[in-house]
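Asks: sequence first, predicted model second:
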Amino acid sequence: MDIYLYNDKNSFIHRLHPITKIINLLLLFAISMTFNHPAYVFAVMVFVILIAFASHSMANIRKILYLLIMLILFCGILWPLFLREKNLLWKFGPISIYRESLLYAVAMGLRLDTMLMCGMIFLTCTRIEEFTAGLNKIGMPFSVSFALSLAFRLVPTFAATSTTVVQAQKSRGLDLESGWILSRLKKHIPLFIPIFIYAVRNADLLAMALESKSFGLRKDRSYYREFRFTFADFSTIIFLVVLFCACLYMRLNKMGFVLPRL
């Protein structure tokens with residue numbers, strides 16, 4: 001079972017400096033947040049998909065395709081129920097659907113999908129060690145950056161352990177599939193005990209390992225790999241900054257929005 005998302009390829013995005021990847025991720029998030037018209041947000045999504053193809057990230061994005069579809073569906077269903085505007089499209093009893101609210105709902109679904117794909121591209125192209133080094137070089141204390149990077153390691157490990165425990169109990173005859181949804185949830189409750197024990201044990205072993213290596217004794221850090229900024233790093237940052245400024249200029253000039261809100 002592959003519990004990590006990093007894909008070891010030699011793409012243009014893989015070779016970027018970790019700080020460049022972090023900055024570009026934040027810029028892509030900002031660009032995605034600029035518009036709330038579905039046509040403009042869809043254009044941003046197409047741009048992100050092109051980046052995904054260039055970085056060989058489509059395999060990981062396909063893993064969350066079901067989640068991407070569900071986000072659009074839920075946004076398209078829920079947002080129109082709470083937004084009331086001028087142009088009424090359909091009314092059934094107390095439920096009223098307006099044109100602006102429906103377009104805004106679709107845009108919110110596309111926006112969430114775009115930001116989620118940006119995160120998947122980042123995780124596909126960035127090692128955990130690179131992420132830690134990038135945060136530390138930006139100025140974040142090493143203890144904080146290490147804690148954030150540790151979450152990337154422990155979450156997939158914890159998920160893999162949960163899968164192992166479930167499969168072990170199934171091999172012993174535990175039926176987790178039959179019955180109504182509440183009965184199936186009750187059958188999963190006893191499985192939390194070994195998973196919780198493993199989590200506590202793993203945290204204790206990690207604390208002892210860090211203490212044995214005098215974690216936090218020295219403030220300055222050394223790295224096995226030294227990253228250097230190249231022309232590609234500066235050019236990608238400048239390109240995305242210019243793109244964000246252009247999108248912001250369009251939004252300030254009343255382009256690319258359905259409702260006057262974020």
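Replies: Here it is on my side, so go on. Numbers count the residues shown, from 1 in each chain.
Asks: what helix or strand is Ser96 located in?
Replies: For Ser96, the enclosing helix or strand under DSSP states H and E is strand 95-98.
Asks: and the pLDDT at Gly173?
Replies: Looking at Gly173, its pLDDT reads 78.
Asks: looks to me like it is in a helix.
Replies: No: counting by DSSP: H, G, I helix; E, B strand; the rest coil, Gly173 is located in no helix; its state is coil.
Asks: let me see the backbone angles for it.
Replies: With angles defined as degrees, to the nearest 10, Gly173 sits at phi 100, psi 10.
Asks: neighbours around it, how many?
Replies: 6 (other Cβ atoms under 10 Å). Where C-beta positions appear, they are placed from N, C-alpha and C, glycine not excepted.
Asks: just to revisit the earlier point, list the buried residues in the helix or strand just after the strand holding Ser96.
Replies: Downstream of strand 95-98, the first helix or strand assigned by DSSP H and E is helix 99-125. The neighbour-count check on helix 99-125 (16 or more other Cβ atoms under 10 Å) flags 100-118, 120-125 as buried.
Asks: same question for stretch 36-50.
Replies: Using 16+ other Cβ under 10 Å as the test for burial, stretch 36-50 gives 36-38, 40-42, 44-45, 48-49.
Asks: ok, which pair from those is furthest apart?
Replies: Within the buried residues of stretch 36-50, Asn36 and Ile49 form the most distant pair, 19.7 Å apart (Cβ to Cβ).
Asks: now this protein, which segments are flagged as low pLDDT?
Replies: For the chain, the stretches with pLDDT under 70 are 1-4, 85, 87-90, 93-94, 216, 218-224.
Asks: can you pull out the helices in it?
Replies: For the chain, the helices defined by DSSP state H cover 18-34, 38-54, 58-63, 65-82, 99-125, 128-138, 142-171, 181-188, 192-212, 231-252.
Asks: for the shortest one, C-alpha coordinates in PDB please.
Replies: To tie it back to what came earlier, the one meant is helix 58-63. Extracted in PDB, the C-alpha atoms of helix 58-63 (Å, rounded to 0.1, in the frame of the first residue of the first chain):
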ATOM      1  CA  MET A  58      -2.700  13.300 -12.500                       C
ATOM      2  CA  ALA A  59      -2.300   9.800 -11.000                       C
ATOM      3  CA  ASN A  60      -2.700  11.300  -7.500                       C
ATOM      4  CA  ILE A  61      -5.500  13.600  -8.700                       C
ATOM      5  CA  ARG A  62      -7.400  10.600 -10.000                       C
ATOM      6  CA  LYS A  63      -7.300   9.100  -6.500                       C
END
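Asks: report the buried residues of it.
Replies: By 16+ other Cβ under 10 Å, the buried positions in helix 58-63 come out as 58, 60-61.
Asks: kindly indicate which of the residues you listed lies nearest Tyr6.
Replies: Distance ranking of the buried residues of helix 58-63 against Tyr6, using Cβ to Cβ, places Asn60 first at 9.2 Å.
Asks: and that closest one, what is it in contact with?
Replies: By Cβ atoms under 8 Å, 6 or more residues apart in numbering, the residues touching Asn60 are 5, 7, 120, 123-124.
Asks: domain assignment for this protein?
Replies: Per automatic domain parsing, the structural domains of the chain span 1-126+228-262, 141-226.
Asks: which one of those lies closest to Thr132?
Replies: Once the domains of the chain are compared by Cβ to Cβ, domain 141-226 is nearest, at 4.1 Å.
Asks: next one: that closest one to chain centre, how far?
Replies: Here domain 141-226 is found 19 Å from its chain centre; the criterion is Cα atoms, centre = their mean, to the nearest Å.
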